[in-house]
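Undergrad: No letters, just coordinates:
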């Protein structure tokens, strides 16, 4: 299984932009999540963000909040999510990035958590409520276990902070495209282009844009602005939760292919 | 590029050793907002610049003569400070030994503040800060509605747009406060997520702040949340302890022996305690809500039953399950119905400087009635928890120690809830 950095490097060599879908583990159930990971990887996903359901998802909008609530009501635990990854990851072409809030990590113990997620094949980690000031222990443990901890840059981040975050982020830099929580928006703010340019001035690490990206046209726009990857979350979670699991899976497969095609330049 | 050196090189998580010298008031919190291992800033990156801006503004205006003059003037003429330190004669008699000796009970009458609770001290000061920071919009969370009312009040006073997040369940049990907020022009937004209580309202307020941070100030209502809130809210309530000190000096020429206050997030307790932390003879007791009892699992006894975790931006004691999911708290009192607690309380507990106990809904209801009947003061259900612990404490005491209880709020808002439980009083 390749790492997050290696995946970005491979795509960069080919001049491609990474598609990173997000799904919430255990919504509607763990079997469907396993099937979703496989079909996403087969339909253009280069990496996949897997959300660990949490009781107080501060950075998430209504769609992902609701998915987490449903999953927790089904009884999904962190162990269930790790078992799922263990089963699926050996045959998956797309590395899995775990998206989790900090308290479940702290609860297990940072080093134990990192060893446990590495053991089942998780390659990256995003913790939305852990800013630069608090991230040291996680970076150290991640480096030791071979899990790349990616940090987030927000539209409100000042220049010196952007530089510091870029320097310390592993795998890629997660650029939050909106001042706000995750969710579906109708258009990408124009200042994302400036943010991408600012970031590009201070780093050669890959930059993926997320929060609010929900349509192929938006993804294509971001690819055109020089993003190395786009993260699409709520739009996938909402589609997967609509209708029966089979209908949801078919819908996200098609949507994934459309998104990948939108960000893949036509070959001559 | 890729270099590890930067201006924001974070220090390793500081864990201040628990020695008396580190209990010095000036040392808490440290530069990263930590009280020992507790506190800190666990929020989405989007908010980090806003917290830095707030911290800077707080430090700038805290010692600014014009700011202090405006705040002090309003605390006096608008809020009605100083609040009295009242000798509760009949409550004292109630706990007297057969020979007439026993603890002397005093009430710091925060319930006499404008809007009926201590909450306005902080809301007023933060509104003045918001004005100076050029924020046109204010948001707040509320549980019992007292902080929401205080925020709506100061926003009306200064003509600031105001949005209050309140759990749906709390809106029902605190309907009177919802009406008061709306009357003063605030928009009250119901929160249906989770169990529709203070935890969920706080999460929703933080989401609003993440989204509207550029024109909005978040008036957080307790000594909880990310740095600088626990420090700033404590400091804005420290007037409670400062007045208490001078009133004690005036009344008996000394210090109080025991301070007691209820603890949900812990703002009224920190407001009373802060002034006395460096006075080793002053015993401090915080009383949490035990709901239907610890064994029932339906309680809000965070400090006595929780484990260290992170909620709403701070590391502190937290009610959580084996998987690190935050569990719902339960208390008859909406203001104590919170699974977290201010980080400085966690620090004071671990250092042994303050003691924390819990009382049940039933014990609080009994105290609610007892104080009403004996003193003609209807305490808030939150405050009734502090009074309830007198039942346990007083028989343990020898001599005639002077106890100061923070009468943090008045109970008018709770009479409907209590009437439902007690039925019609004969």
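TA: On my side now, so go ahead. Note that this is a predicted model, so its numbers are computed, not measured.
Undergrad: So the residue in the stretch 201-350 of chain B that chain A sits nearest to, which state does it fall into?
TA: For the stretch 201-350 of chain B and chain A, the shortest gap (CB to the nearest CB) falls at residue B:324, measuring 2.9 Å. All C-beta spots, glycine's among them, are computed from the backbone N, C-alpha and C. Assigned by DSSP: H, G, I helix; E, B strand; the rest coil, the conformation of residue B:324 is coil.
Undergrad: what's it in contact with, if anything?
TA: Neighbour list for residue B:324: A:78, A:103-108, B:309 [criterion: CB atoms under 8 Å, 6 or more residues apart in numbering or on different chains].
Undergrad: Sticking with the spatially closest residue to residue A:210 that is not a sequence neighbour, tell me its helix or strand.
TA: Excluding the flanking residues, the one nearest residue A:210 by CB to CB, 6 or more residues apart in numbering or on different chains is residue A:231, at 3.0 Å. When elements are assigned from DSSP states H and E, residue A:231 belongs to strand A:229-232.
Undergrad: ok, that strand: who's next to it in the sheet?
TA: Taking DSSP bridges as the criterion, strand A:229-232 sits next to strand A:18-24 (parallel), strand A:207-210 (parallel) in its sheet.
Undergrad: how many other residues sit next to the closest residue to chain B within the stretch 51-200 of chain A?
TA: Nearest residue of the stretch 51-200 of chain A to chain B (CB to the nearest CB) works out as residue A:107 at 2.9 Å. The local packing of residue A:107 (other CB atoms under 10 Å in any protein chain shown) involves 20 other residues.
Undergrad: Torsion angles phi and psi at the nearest residue in space to it that is not next to it in sequence?
TA: In space, and not counting its chain neighbours, residue A:107 is closest to residue B:324: 2.9 Å by CB to CB, 6+ apart. Here is the backbone geometry of residue B:324 (degrees, to the nearest 10): phi 80, psi 20.
Undergrad: Check residue B:329 too.
TA: Dihedral angles of residue B:329 (phi, psi; degrees, to the nearest 10) stand at phi -90, psi 170.
Undergrad: packing partners for the longest helix seen in chain A?
TA: As assigned by DSSP state H, the longest helix anywhere in chain A is helix A:245-262. Under the contact definition 3 or more CB pairs under 8 Å, 6 or more residues apart in numbering or on different chains; DSSP states H and E, helix A:245-262 sits against strand A:18-24, helix A:30-42, helix A:216-224, helix A:234-240.
Undergrad: quick one, which of these is packed in tightest?
TA: strand A:18-24 (a mean of 28; mean count of other CB atoms under 10 Å in any protein chain shown).
Undergrad: residue contacts, the residue of the stretch 51-200 of chain A closest to chain B?
TA: Contacts of residue A:107 (CB under 8 Å, 6+ apart): B:307, B:309, B:320, B:322-324.
Undergrad: Mind putting those residues into TSV with pLDDT?
TA: Shown next, in TSV, are the contacts of residue A:107 (pLDDT from 0 to 100):
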residue	pLDDT
B:307	97
B:309	98
B:320	97
B:322	96
B:323	96
B:324	97
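Undergrad: Among the residues you listed, which one sits closest to residue B:58?
TA: Of all the contacts of residue A:107, residue B:58 sits closest to residue B:309, with 26.2 Å by CB to CB.
Undergrad: hang on, isn't that closest one packed against residue B:322?
TA: No. Counting by CB atoms under 8 Å, residue B:309 stays clear of residue B:322, with 12.0 Å between them.
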